[in-house]
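Student: Pasting a predicted model and its sequence here:
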Amino acid sequence: MKQLKWLLITTCVSIFFLGGASCSSEKKGDNKEYFIESGEIFHTIYHIKYASEKEQSDVINNAFVQLNHSANPFDPTSLLYAINNNTTTEVDSIFTQILHQAQHLSELTNGTYDITVGPLVNIWGFGFEPSPYPQGDVPSEVIDSILQFVGFRKIEIRNNKVYKADPRLKIDFSSIAKGFASDLVGNSLRQKGIENYLVEIGGEIAFSGVNPEGKEWTIAIRKPVLDSIGLEHYNDFETIISLPSSKGKRGLATSGNYHNYKMRDDGSIYAHTIDPVSGYPVQTDVLSATIITDNCAWADALATACMAMGSKRAIELLEQLPNVDYFLILANNQGEKEGLYQFISNPTFESYIVK
């Protein structure tokens with residue numbers, strides 16, 4: 001299948017670090033080239049393809065710099081770092097947009113999705129600060145003490161200033177920032193008149209138009225499988241889909257606990273999805289959630305929420321939201337005779353599947 005030349009594999013990875021890039025291009029017959037840029041940003045790899053009369057590296061880099069300034073928890077010059085460390089209350093429009101989208105989803109999920117979960121993510125060893133409990137033996141009293149200052153209603157923005165109910169509260173944008181970054185790059189390209197592009201940052205994708213062959217962009221969704229030593233079957237694909245080109249700009253994101261996890265000495269595994277209510281890692285029947293919707297930031301956050309809510313609550317929410325298509329891979333309670341997992345998707349997403 002010639003279309004699969006432009007296959008991307010969607011996954012879920014952690015983010016945050018500004019790095020180098022490379023650029024190449026492919027000539028087309030309409031006086032435009034498809035430029036291909038890749039590099040590292042936010043501790044993950046990005047791939048960007050777009051049709052333009054000239055390369056747009058400066059535009060792309062400027063978008064990365066903007067997001068880095070607003071939402072990089074490691075950079076001492078960023079707003080997020082300053083707010084987490086109580087050295088400023090000032091925020092900009094990017095920070096405000098990310099926070100408002102996150103809090104909206106927190107309301108919709110009754111707090112199951114919560115970007116103030118940062119201190120809990122850190123203590124379990126998946127965050128932007130080192131944990132003193134690298135083997136996952138976090139004492140219950142430590143969890144209880146952290147829960148006292150976790151909660152999305154304990155932070156708000158008024159007149160471009162952020163107010164925290166407790167100075168110990170720390171924000172973790174990792175469940176939405178990759179998607180927002182993909183949107184930011186995509187929107188920056190659109191401002192230059194570019195309508196055919198695919199921006200992929202750590203598996204979170206903002207896309208529009210068609211690929212260099214004039215066909216819909218095509219991606220693969222991985223199987224949520226670990227091998228016997230706890231490594232992902234990196235090239236095992238569950239399904240391949242074409243991204244709809246007729247709906248303008250859109251976003252896709254995938255979340256799965258199979259990718260970001262830790263293994264205890266006894267061989268047990270605990271994953272990076274932390275329940276902000278209980279304070280502990282949560283494993284629901286959702287092994288992987290892929291969302292396609294109007295923007296990548298919203299898809300990114302929704303995919304994470306699905307992992308924490310479980311399939312019943314997730315589907316109830318997704319069916320209520322406009323312009324949201326979903327593909328969930330679920331643990332199969334029937335046992336191996338019936339297969340390792342099962343799939344649930346809405347009819348529109350099913351129409352995207354090509355293999």
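Tutor: Good, I have the coordinates.

Student: Strands along the stretch 251-355 of the chain, start to end?
Tutor: Along the stretch 251-355 of the chain, counting by DSSP state E, counting those that start in this stretch, strands occupy 261-263, 269-271, 286-293, 325-331, 341-345.

Student: Out of those, which one sits most buried?
Tutor: strand 286-293 (a mean of 27; mean count of other C-beta atoms under 10 Å). C-betas here are computed from N, CA, C, even on glycine.

Student: That strand packs against which elements?
Tutor: strand 218-222, strand 250-256, helix 296-309, helix 311-320, strand 325-331, helix 347-352 (3 or more C-beta pairs under 8 Å, 6 or more residues apart in numbering; DSSP states H and E).

Student: got the buried residues for the second one?
Tutor: Yep, that's strand 250-256 we're talking about. Neighbour counts over strand 250-256 (16 or more other C-beta atoms under 10 Å) mark Arg250, Gly251, Leu252, Ala253, Thr254, Ser255, Gly256 as buried.

Student: now it, how far from the centre of its chain.
Tutor: In terms of C-alpha atoms, centre = their mean, to the nearest Å, the centre of strand 250-256 is set 6 Å apart from its chain centre.

Student: Kindly report the same for the fifth one.
Tutor: For strand 325-331, the distance from its own C-alpha centre to the chain's C-alpha centre is 16 Å (C-alpha atoms, centre = their mean).

Student: same question, the shortest one
Tutor: Put simply, strand 218-222 sits 15 Å off its chain's centre (C-alpha atoms, centre = their mean).

Student: tell me the mean pLDDT for that strand?
Tutor: Computed over strand 218-222, the mean pLDDT rounds to 89.

Student: Determine the set of other helices and strands touching the helix or strand just after that strand.
Tutor: Downstream of strand 218-222, the first helix or strand assigned by DSSP states H and E is strand 237-242. Here strand 237-242 touches strand 218-222, strand 325-331, helix 347-352, going by 3+ C-beta pairs under 8 Å, 6+ apart.

Student: Just checking: what are the partner strands of the first one?
Tutor: Spelled out, that is strand 218-222. Sheet partners assigned to strand 218-222 using DSSP bridges are listed as strand 7-10 (parallel), strand 237-242 (antiparallel).

Student: among the ones you listed, where is the model least confident on average?
Tutor: Mean pLDDT is lowest for strand 7-10 out of the strands paired with strand 218-222, coming in at a mean of 46.

Student: Rounded mean pLDDT for stretch 44-57, please.
Tutor: According to the model, stretch 44-57 has a mean pLDDT of 94.

Student: same question, stretch 103-113
Tutor: Stretch 103-113 comes out at a mean pLDDT of 97.

Student: nearest to Val277, of the helices and strands packed on strand 237-242?
Tutor: strand 325-331 (21.3 Å; C-beta to C-beta).

Student: which neighbours does the closest one have in its sheet, and in what orientation?
Tutor: Sheet pairing here is set by DSSP bridges, and for strand 325-331 it gives strand 286-293 (antiparallel), strand 341-345 (antiparallel).

Student: want to throw the helices and strands packed on strand 237-242 into CSV with distance to Asn295?
Tutor: Converted to CSV, the helices and strands packed on strand 237-242 look like this (distance: least, C-beta to C-beta, whole Å):
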stretch, distance to Asn295
strand 218-222, 17
strand 325-331, 13
helix 347-352, 17
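
Student: Among the ones you listed, which comes closest to Ala299?
Tutor: strand 325-331 (9.4 Å).

Student: now that closest one and helix 296-309, what's the angle there?
Tutor: Per axes from the mean of the first three to the mean of the last three C-alpha atoms, to 10 degrees, the angle that strand 325-331 makes with helix 296-309 is 30 degrees.

Student: can you give me the helices for this protein?
Tutor: With helices called from DSSP state H, the chain shows them at 57-71, 79-84, 93-108, 118-123, 140-147, 177-191, 296-309, 311-320, 347-352.

Student: Remind me what the fourth one packs against, helices and strands.
Tutor: For helix 118-123, the helices and strands in contact under the criterion 3+ C-beta pairs under 8 Å, 6+ apart are helix 140-147.
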